[in-house]
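Enquirer: can't give you the sequence, but here's the structure:
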């Protein structure tokens, strides 16, 4: 997948087109991601012990990965991702615009 958790992404289509957000969670089987403050939906919730008030809550809904583009931390632009083999033998994601390695060292 070209998107990883904690990446900053730009939304390409939909009601939130043009907005940037941080990836909270990924769903690889359905190719979707949960992005902070993007694709907010209203959820009608019954009162429970954890939430005694109940009511209408707003929460994020998953967005398809094809509608997201990674934002490079160095150049600040939304970019496509290239994969490059490092000298250590590991693969890393690279910004197509500036050549910066996007993966954090482990």
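Expert: That came in fine, so what should we check first? Just so we're clear, the structure is a prediction, and the values are computed from it rather than from any experiment.
Enquirer: what separates stretch 8-19 from the chain centre, distance-wise?
Expert: 10 Å (CA atoms, centre = their mean, to the nearest Å).
Enquirer: cool, stretch 76-92 as well?
Expert: The chain centroid and the centroid of stretch 76-92 are separated by 17 Å under CA atoms, centre = their mean.
Enquirer: wait, what's in contact with residue 17?
Expert: Residue 17 sits next to residue 11 when contact means CB atoms under 8 Å, 6 or more residues apart in numbering. From N, CA and C alone the C-beta is placed, and that goes for glycine too.
Enquirer: start at 9 instead
Expert: Sounds good: first residue 9 from here, last item residue 25.
Enquirer: Same question for it, what's its three-state structure.
Expert: Here residue 25 is coil, with the state taken from DSSP: H, G, I helix; E, B strand; the rest coil.
Enquirer: The longest strand along the chain pairs with which strands, and in what direction?
Expert: In the chain, assigned by DSSP state E, the strand with the most residues is strand 28-35. Sheet pairing for strand 28-35, assigned by DSSP bridges, gives strand 16-19 (antiparallel), strand 40-43 (antiparallel).
Enquirer: for the ones you listed, which one sits closest to residue 61?
Expert: Nearest of those to residue 61, taken as CB to CB: strand 40-43 at 23.9 Å.
Enquirer: quick one: average confidence on the closest one?
Expert: The average pLDDT for strand 40-43 rounds to 98.
Enquirer: contacts for it?
Expert: For strand 40-43, the surrounding residues in contact (CB under 8 Å, 6+ apart) are 11, 17, 19, 29-35, 68-73, 76.
Enquirer: ok, the residue positioned nearest the centre of the chain - contacts?
Expert: Geometric centre of the chain, nearest residue: residue 31, 3.1 Å, by CA atoms, centre = their mean. For residue 31, the contact set (CB under 8 Å, 6+ apart) comprises 11-17, 41-44, 76.
Enquirer: got it, and residue 75?
Expert: Residue 75 neighbours (CB under 8 Å, 6+ apart): 19-22.
Enquirer: Need the buried ones from the contacts of strand 40-43 selected in ChimeraX.
Expert: Buried residues among the contacts of strand 40-43 (16 or more other CB atoms under 10 Å), as a ChimeraX selection:
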select :11,17,19,29,31,34,68,70,71,73,76
